[in-house]
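Predicted model and sequence below, questions to follow.
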Amino acid sequence: MSFLPYAVAAWLFGVGIYGVATSRNLIHLVVCLTVVQSGTYILLLAIGYVGAGKAPIFADIPLNSKVVDPVVQTLTLTDVVVEATVVALLLALAMQAEKRFGTLDPDELGVMRS
């Protein structure tokens, strides 16, 4: 097993968190959160990787074959769906904030009133 996927996942996570911490635009903030989430995809796939592993369909492979863990693949797919939903919600909120306050800068939003 290589160290490279873990290093890439950590790098993506670090770059995304840095972007979140320094963001001065709500759209940029959403993109940086997407980069952080991409790091989790790589981490999950690196954890579930099995060298020369086959798909976990036991009907046509010998019983002593190495197979990949389907739970990790399912978690990654669920992670993708959750991220798409969160990004859509955050972008909709950013659009509403821009429509209401006229800016996408979080510091200029001020106190939100009803």
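Nice, thanks for sending it over. Numbering: from 1, shown residues only.

what's the residue most central in space within the chain in contact with, if anything?
Geometric centre of the chain, nearest residue: Gln37, 1.7 Å, by C-alpha atoms, centre = their mean. By C-beta atoms under 8 Å, 6 or more residues apart in numbering, the residues touching Gln37 are Gly16, Asp79, Glu83. For every residue, glycine as well, the C-beta is placed using N, CA and C.

how about the strand or helix carrying the second one: buried residues?
According to DSSP states H and E, Asp79 maps onto helix 70-101. Going by neighbour count (16 or more other C-beta atoms under 10 Å), the buried part of helix 70-101 is Val72, Leu75, Thr76, Asp79, Glu83, Leu90, Ala94, Ala97.

can you tell me the helix or strand for the residue lying farthest from the centre of the chain?
Ranked by distance from the centre of the chain (C-alpha atoms, centre = their mean), the top residue is Pro62, with 35.3 Å. Under the criterion DSSP H and E, no helix or strand holds Pro62.

where does this protein have low pLDDT?
1, 111-114 (pLDDT under 70).

go with 50
Nowhere does the chain drop to pLDDT under 50.

Give me the neighbour count for Ser38.
19 (other C-beta atoms under 10 Å).

which ones are touching it?
Leu12, Gly16.

Any chance of CSV for the buried residues of helix 70-101, columns distance to Thr22?
Converted to CSV, the buried residues of helix 70-101 look like this (distance: C-beta to C-beta, whole Å):
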residue, distance to Thr22
Val72, 32
Leu75, 30
Thr76, 28
Asp79, 25
Glu83, 21
Leu90, 17
Ala94, 17
Ala97, 19
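
farthest-separated two in the residues you listed?
Maximum pairwise distance among the buried residues of helix 70-101 (C-beta to C-beta): 36.5 Å, between Val72 and Ala97.
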